[in-house]
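Enquirer: Need a 3D model of the following:
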Amino acid sequence: LLSTVIEEVLATGTRRLADLISELVLLPKDGRVRSLAETMSIHDVTMDLFLRDHGLGFETWSERRGRGIHYTPWDLAVWMAGRLRPHEDGAYRVLDPAMGCGIFLLACREVFRDRDIHLFGGDIDPVAVFSTRLQMREIHGRGITDGKIRSRFVEVDYLSESGLDLWRGADPDAVIMNPPYVSQSIDRSFVTRGAKNLAAYFGERSLEIVDSGGQIVAVVPISIATGGKRYSAVRQLILDKASKVSVKHVDIVPGYLFSQGKYEGSGASRSVSARVSIYDIGVGEGVTAFESTRFIRWMTHQRSEMMSIEPEEIGAEEVCLFTPDCFPMGGRLDLELLRKITDEAPMAMGQARSEGGQYCLQVLKPARYHISADVNVSDRKNTAIIRFETRDERDAAMAVIVSGAFFWYWRCHGNGMQLRMKEI
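Expert: Next up, the predicted model:
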């Protein structure tokens, strides 16, 4: 059907369609038909493959992944929209600063259809902006003017000064977003610049724009919670600005939250990674309260059950575990046990290490594969070598690392991909 429509446009040179595109988004003449095709593809995450198969020149899936462009599944968008807490009185203003096809905005309309919800969105992709404007025109009907559509759904860089000024002026009560997960440096004005990830910068900008009493709901890489030192500033900012943080951690083994996977390229790792945390942040002052889940593993046929899992309230004594070093993953009982272990352990493995010790323990950081004592595997990449003065200390360390308790500890503190010396 789409191919037929495009062929007819090309054959008849229909002015009305071209004029509509020209009015809503400025594109060169030779890009108009292609933009229309891309626009039709944006709402359905499989249509980009269809367009590619039909030779319409759409960029490859890997190119899109590299730019952080993957569209949010509808069930995830609805679940996240359901976390929003509109005012009882007056209009509730919701912003999606990386709106893509506008799926979060549509989900908000679906969830709060009887409430006074004012929607706003931005994106750097003019085709995405055009697509969202069309959809907002469809769902609002005559309830909104074309001028308001153009002013509320705009082509703008969220991380730019103009983006900051625009959305501060809009004064949103809440931000809901699935930002790009792309490694990129940024200027020194961002305190999270060390993370070198767009998702971290989007989080910081949202905390600048949303006032106390507001809310941020975002799906971001798991590294925001458990990543190394480069993400410490992100966690510190959340602790400083949030009165409450509710977070749900979702693994990709064996199910995929994003239908096509979602690409996160950082450091030496350049593979599909959809390990994510879904944050519900209440902006405000005071000691930050936390709700959390375990790192949820699920199978594709369990998707609805996985989506229904809610974060558990974390006890006041366990809140101290959430520091700039790490936001540990786990429910209430997990974190009670984690606090007990960290408070009562007689000695940390790091205290028993000896740089010149003759008894050696070698741990391949993909810990599922190999852990050895006295067998030299140092020629393998990603190997941690830990030395001890005595055989008993080495054997005790071996027993800990091969135990289920260590694997559980890693699932609370780790990134879900490979061990780091911090966890060991």
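Enquirer: any idea which helix or strand carries the residue nearest to residue 155 when sequence neighbours are not counted?
Expert: Of all residues not flanking residue 155 in the chain, residue 129 sits nearest, at 4.7 Å (Cβ to Cβ, 6 or more residues apart in numbering). To be clear about C-beta, it is placed using only N, CA and C from the backbone, and glycine gets the same treatment. Residue 129 belongs to helix 126-140 when assigned by DSSP states H and E.
Enquirer: quick one: buried residues of that helix?
Expert: Using 16 or more other Cβ atoms under 10 Å as the test for burial, helix 126-140 gives 126, 127, 128, 129, 130, 131, 132, 133, 134, 135, 136.
Enquirer: Quick one: distance of the lengthiest strand in the chain to the chain centre.
Expert: With secondary structure taken from DSSP state E, the chain has its longest strand at strand 242-254. How far strand 242-254 lies from its chain's middle: 10 Å, per Cα atoms, centre = their mean, to the nearest Å.
Enquirer: Adjacent strands (with direction) for it?
Expert: Looking at strand 242-254 with DSSP bridges, its partner strands are strand 276-283 (antiparallel), strand 289-298 (parallel).
Enquirer: I'd guessed the residue nearest to residue 155 sits against residue 154; true?
Expert: Yes - in this structure, residue 129 is within contact of residue 154 by Cβ atoms under 8 Å, at 6.6 Å.
Enquirer: Helices of the stretch 1-150 of the chain, residue ranges please.
Expert: 2-12, 15-24, 32-42, 47-53, 61-66, 74-81, 103-111, 126-140, 146-152 (DSSP state H, counting those that start in this stretch).
Enquirer: Which other helices and strands does the longest one contact?
Expert: Put plainly, it is helix 126-140. helix 15-24, helix 32-42, helix 103-111, strand 117-123, helix 146-152, strand 153-155 (3 or more Cβ pairs under 8 Å, 6 or more residues apart in numbering; DSSP states H and E).
Enquirer: 7 Å - rerun?
Expert: helix 32-42, helix 103-111, helix 146-152, strand 153-155 (3 or more Cβ pairs under 7 Å, 6 or more residues apart in numbering; DSSP states H and E).
Enquirer: Now tell me which of the ones you listed the model trusts least on average.
Expert: Ranked on mean pLDDT, the bottom entry among the helices and strands packed on helix 126-140 is helix 32-42, at a mean of 40.
Enquirer: Test my guess that residue 230 contacts residue 194.
Expert: Yes - counting by Cβ atoms under 7 Å, residue 230 touches residue 194, with 4.8 Å between them.
Enquirer: Tell me the secondary structure of the residue nearest to residue 385 when sequence neighbours are not counted, please.
Expert: Setting aside the residues directly before and after it, residue 385 is nearest to residue 362 in space (Cβ to Cβ, 6+ apart), at 5.3 Å. Classification of residue 362 using DSSP: H, G, I helix; E, B strand; the rest coil returns strand.
Enquirer: and residue 362, how far is that from residue 353?
Expert: 13 Å (Cβ to Cβ, to the nearest Å).
Enquirer: In terms of neighbours, single out the busier of the two.
Expert: Ranked by neighbour count (other Cβ atoms under 10 Å), residue 362 and residue 353 place residue 362 first, with 19 against 16.
Enquirer: doesn't residue 383 make contact with the more buried one?
Expert: Yes - using Cβ under 7 Å, residue 362 and residue 383 qualify as a contacting pair, with a distance of 5.7 Å.
Enquirer: how much space between residue 288 and residue 235?
Expert: 11 Å.
Enquirer: ok now stretch 321-336, how far from the chain's centre?
Expert: 19 Å.
Enquirer: my bad, should have said stretch 220-235
Expert: For stretch 220-235, the distance to the chain centre is 11 Å (Cα atoms, centre = their mean).
Enquirer: could you give the mean pLDDT of it?
Expert: The model assigns stretch 220-235 a mean pLDDT of 92.
Enquirer: Nearest spatial neighbour of the residue nearest the centre of the chain, chain-adjacent residues omitted?
Expert: Nearest to the mean C-alpha position of the chain, by Cα atoms, centre = their mean, lies residue 220 at 1.4 Å. Leaving aside its chain neighbours, residue 220 sits nearest to residue 199 (4.5 Å; criterion: Cβ to Cβ, 6+ apart).
Enquirer: pretty sure that neighbour belongs to a strand, no?
Expert: No - going by three-state DSSP, the assignment for residue 199 is helix, not a strand.
Enquirer: surely it meets residue 223?
Expert: No - counting by Cβ under 7 Å, residue 223 is not a contact partner of residue 199; they are 8.4 Å apart.
Enquirer: Pick the most deeply packed of the strands paired with strand 242-254.
Expert: Using mean count of other Cβ atoms under 10 Å, the stretch among the strands paired with strand 242-254 with the largest mean neighbour count is strand 276-283, at a mean of 22.
Enquirer: which stretches of the chain have low pLDDT?
Expert: For the chain, the stretches with pLDDT under 70 are 1-70, 253, 259-274, 367-370, 374-375, 377-378, 415-417.
Enquirer: Repeat the analysis, applying 80 as the threshold.
Expert: Within the chain, the ranges that satisfy pLDDT under 80 run 1-71, 138-144, 188, 252-256, 258-274, 344-348, 364-382, 404-408, 411, 414-424.
Enquirer: Just give me the neighbour total for residue 343.
Expert: 9.
Enquirer: can you check residue 196 too?
Expert: Residue 196 has 17 nearby residues by other Cβ under 10 Å.
Enquirer: Over to residue 171?
Expert: 13.
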